[in-house]
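Visitor: After the sequence you'll find the predicted model.
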Amino acid sequence: MVETNLLSNTITRYKFMKTYNLVLNETILDFWITRIKENNIFAFHLETDSLHIISVNIIGISFAIAPCVTAYLPLAHDYKNSPKQLDTNLVLTRLKPIFEDVTIYKICKNLKYQISVLKNYNIEVNRIFDINLESYVLNNLSGKYDFIKLVNFWLDYDISYYKNISDKIKNKYYFNKISLEIASSYSCEHINIILMLHLKIWNQLQKKSELKRIFEKIDIPIAKILSRIERNGVLINRTYLNKQSEKISNILIDLELQAHKITGCSFNLSSPKQIREILFNIKNIELTRKTLGGKISTRNEVLSKFESNQPLLKIILKYRSLLKIKSTYTDKLPHMVNHISGRIHTSYQQCSTLTGRLSSILPNLQNIPVDNNQGFFIRKSFIATKFNKIVSADYSQIELRIIAYLSQDKNLLESFNKHEDVHSITAAEFFGLSMNKITSQQRRIAKIINFSVIYGISPFGLSYQLNISIRKAKKYIDMFYDRYPSVLIYSKHVYQSAIDKGYITTLEGRRLYLCNIKSNKCFKNIKRLSVNLQVQGTAADIIKKAMIAIEDILEQKYNNKIKTIMQVHDELVFEIHEDYVEHYTQKIKLLMENSTKLNPKLLVKINIGTHWN
DNA sequence: CATGTCACG
DNA sequence: ACGTACGTGACATGA
């Protein structure tokens, strides 16, 4: 709207100026600053020397104020005979007011990273747009946000010039070793494309008010919040993990010896191929389950069916799970600690999922083992600084509650309003017994059935999970829908609407396009998927809204008493000063439960401790 | 680099 | 007759 009008004026003004300018002195810097202020909109990109947000230096900054009107401002290029460049502090002092100005629009790619880097230089960016987020809300081109793919999708533009330079400099040098000639043509081309992508995508996004609202009210604020969470980082007990690694090493050696003794030959316990051969040739165990590639699977679920009378299988399983714990967690996490902050800084991916969930990489903090696992102790190494506590707040049964809300099934709603333990209630309903007569076995069945509903139920899947016949599983499913008829109506409705429209909408109106689904081989899949996607996507919306509500209070005055340190899909983890735990815990619970109002009500459970276990 | 496996919600 | 629960990321193996 405003910004496109502003831009079309600029485009006319600069129509015939194809310039890739290099900013090397204050006069030219002044010239560009004046142009940017006049223009009220510009795209920028920071070239840096690292992807680690805590210890990163800016090498140069590129700008675009209109298509083909771009400049590169080198700051720290350092090679033989490299020209003298402007002083970083001077430049950033001049740019700070522009970045912070709420009336000047900024366009960038990977906003979370850009604002983190600028934060290192004490700059808070306002009024900022991100082309990846724009594209993500608009058509949910999920997966890797590969720049070239984005260009190919959105623009009719010959990318070869960019690609050529980009390939040349990739992995060869640090950016500060790149000559100004190459760096400027690369950066200017890059920022030019970023601006063009924004113009193209924004043009379409603003026509879809529902999606534009999600972009502005959810995704942009969340990007800023994630930057803060990442920068806060997580404290871990390194010596504890190192000790555990050592212990596990010894156990692994012992398990390997035992396994080789049983088989009478040496083999690699972490090679599925060798295990298949050993089991087939030596132990005469016939496994039938296949992997995706059509080979015989040796997965845990498969092997554990034979486990009881086969010590070798027990050893293999234990070996594998301990190796996993060691290689992924106890060995790796200590190495991920940043030496400046002394903490681990994960990176949350905001555009990587089909459903609108976040994901976490480098390291992934969303798959740290839980209590019922061999690696139960790992969460004990996630600790708080002195005088602080770890506080975790998680939504109880959020996905099933969402199904209850979306279907408005009377019985399911009543289950949530009656009792905290839905699975027992479902069991009672399901088997037609009173609550006090439910056995733990019946509760287990009910729990699995509840999950099946969330995932997209099928007779085979349920029969496998419950280890019963397909016929019986089918009967259970019929029984479930008999007790909760509106759930069946609801799931048919989601499926139909998905087929009609080609996408699924979440509670907030985010669209999940079916054409992006990998397993999109037949409509049967969509039938099962649609409920799951809507539910998972809605849950993702809900926690995002809660994060925004919470961040509003965190930004005010409590700053140094409470920090958000992790998001794990339906859980937020905080580090809170011990004197304030009580106070903030209550606030957080209220905000999480009420930032989205549903029937049934959302319930948040709080855990407080010296560590994350 | 693809595949299999396994950690989480 | 077919395959067989949804969504992620990371590691070891082996072609």
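Guide: Yep, that arrived. Numbers count the residues shown, from 1 in each chain, chains lettered A, B, ... in the order given.
Visitor: So for the nearest residue to A:T330 once chain neighbours are set aside, what's the pLDDT?
Guide: Closest residue to A:T330 apart from its sequence neighbours, by Cβ to Cβ, 6 or more residues apart in numbering: A:S245 at 4.2 Å. The way it works is simple: take the backbone N, C-alpha and C, and place the C-beta from them, glycine included. A:S245 is assigned a predicted lDDT (pLDDT) of 98.
Visitor: Please, which helix or strand holds A:S245?
Guide: Taking DSSP states H and E as the criterion, A:S245 maps to helix A:238-263.
Visitor: Quick one: list the elements packing against the helix or strand A:I499 falls within.
Guide: Using DSSP H and E, A:I499 sits in helix A:485-501. Judged by 3 or more Cβ pairs under 8 Å, 6 or more residues apart in numbering; DSSP states H and E, helix A:485-501 is in contact with helix A:398-407, helix A:410-418, helix A:470-483, strand A:503-505, helix A:523-556.
Visitor: send the alpha carbons of that helix over as CSV?
Guide: What follows is helix A:485-501, C-alpha atoms only, in CSV (Å, rounded to 0.1, in the frame of the first residue of the first chain):
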residue,chain,number,x,y,z
PRO,A,485,-19.9,-38.5,16.6
SER,A,486,-19.1,-34.9,16.0
VAL,A,487,-15.4,-35.7,15.7
LEU,A,488,-16.3,-37.9,12.7
ILE,A,489,-18.4,-35.1,11.2
TYR,A,490,-15.6,-32.6,11.8
SER,A,491,-12.9,-34.7,10.2
LYS,A,492,-15.0,-35.3,7.1
HIS,A,493,-15.6,-31.6,6.9
VAL,A,494,-11.9,-30.7,7.1
TYR,A,495,-11.1,-33.2,4.5
GLN,A,496,-13.8,-32.0,2.1
SER,A,497,-12.8,-28.4,2.5
ALA,A,498,-9.2,-29.3,2.0
ILE,A,499,-10.0,-31.0,-1.3
ASP,A,500,-12.3,-28.2,-2.4
LYS,A,501,-9.8,-25.4,-1.7
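Visitor: Using neighbour counts, pick out the buried residues of that helix.
Guide: Residues A:S486, A:V487, A:L488, A:Y490, A:S491, A:V494, A:Y495, A:A498 are the ones in helix A:485-501 that count as buried (16 or more other Cβ atoms under 10 Å).
Visitor: from the residues you listed, which two are the most distant?
Guide: Spanning the widest gap among these are A:S486 and A:A498, at 18.3 Å by Cβ to Cβ.
Visitor: nearest residue to A:N25 other than its sequence neighbours?
Guide: Nearest non-adjacent residue to A:N25 (Cβ to Cβ, 6+ apart): A:L86, at 7.0 Å.
Visitor: mind listing what that neighbour touches?
Guide: Listed by Cβ atoms under 8 Å, 6 or more residues apart in numbering, the contact set of A:L86 reads A:V23, A:L24, A:N25, A:E26, A:L29, A:L73, A:L75.
Visitor: So in terms of bridging, what pairs with the residue positioned nearest the centre of chain A?
Guide: Central residue of chain A (Cα atoms, centre = their mean): A:S359, 1.7 Å from the mean position. A:S359 has these beta-bridge partners by DSSP bridges: A:Q349.
Visitor: so how far is A:S341 from it?
Guide: Separation of A:S359 from A:S341 (Cβ to Cβ, to the nearest Å) stands at 22 Å.
Visitor: what secondary structure does A:K80 sit in?
Guide: coil (DSSP: H, G, I helix; E, B strand; the rest coil).
Visitor: Run a quick neighbour tally on A:K563.
Guide: 22 (other Cβ atoms under 10 Å).
Visitor: Actually, A:N411.
Guide: That count, for A:N411 with other Cβ under 10 Å as the rule, works out to 15.
Visitor: residues contacting the nearest residue to it once chain neighbours are set aside?
Guide: Closest residue in space to A:N411, ignoring its immediate chain neighbours: A:Y484 at 5.4 Å, by Cβ to Cβ, 6+ apart. Applying Cβ under 8 Å, 6+ apart, we find A:Y484 in contact with A:S407, A:D409, A:N411, A:L412.
Visitor: Quick check: the last one touching A:L406?
Guide: No - between A:L412 and A:L406 there is no contact under Cβ atoms under 8 Å: 10.2 Å.
Visitor: A:A64 in helix, strand or coil?
Guide: strand.
Visitor: Please read the previous query as pertaining to A:S392.
Guide: Following three-state DSSP, the label given to A:S392 is strand.
Visitor: which ones are touching it?
Guide: A:E571, A:L572, A:V573, A:F574, A:I606, A:N607, A:I608, A:W612.
Visitor: what's the first one sitting at in phi/psi?
Guide: Listed backbone geometry of A:E571 is phi -140, psi 140, with angles given as degrees, to the nearest 10.
Visitor: Report the beta-bridge partner residues of it.
Guide: A:D394.
Visitor: Tell me the confidence at it?
Guide: 98.
Visitor: Then the one 3 residues further on?
Guide: The pLDDT attached to A:F574 in the predicted structure is 98.
Visitor: that's a strand at it, yeah?
Guide: Yes - under three-state DSSP, A:F574 sits within a strand.
Visitor: In space, what's closest to it - neighbours in sequence excluded?
Guide: Nearest to A:F574 is A:V391, by Cβ to Cβ, 6+ apart, at 4.6 Å.
Visitor: Also A:W202?
Guide: A:E134 (6.2 Å).
Visitor: again with A:E429
Guide: The nearest residue in space to A:E429 (Cβ to Cβ, 6+ apart) is A:R483, at 5.2 Å.
Visitor: And A:K168, by the same measure?
Guide: Using Cβ to Cβ, 6+ apart, the closest residue to A:K168 is A:I182 (7.5 Å).
Visitor: hang on, the one you found in a strand?
Guide: No - assigned with three-state DSSP, A:I182 falls outside any strand and is helix.
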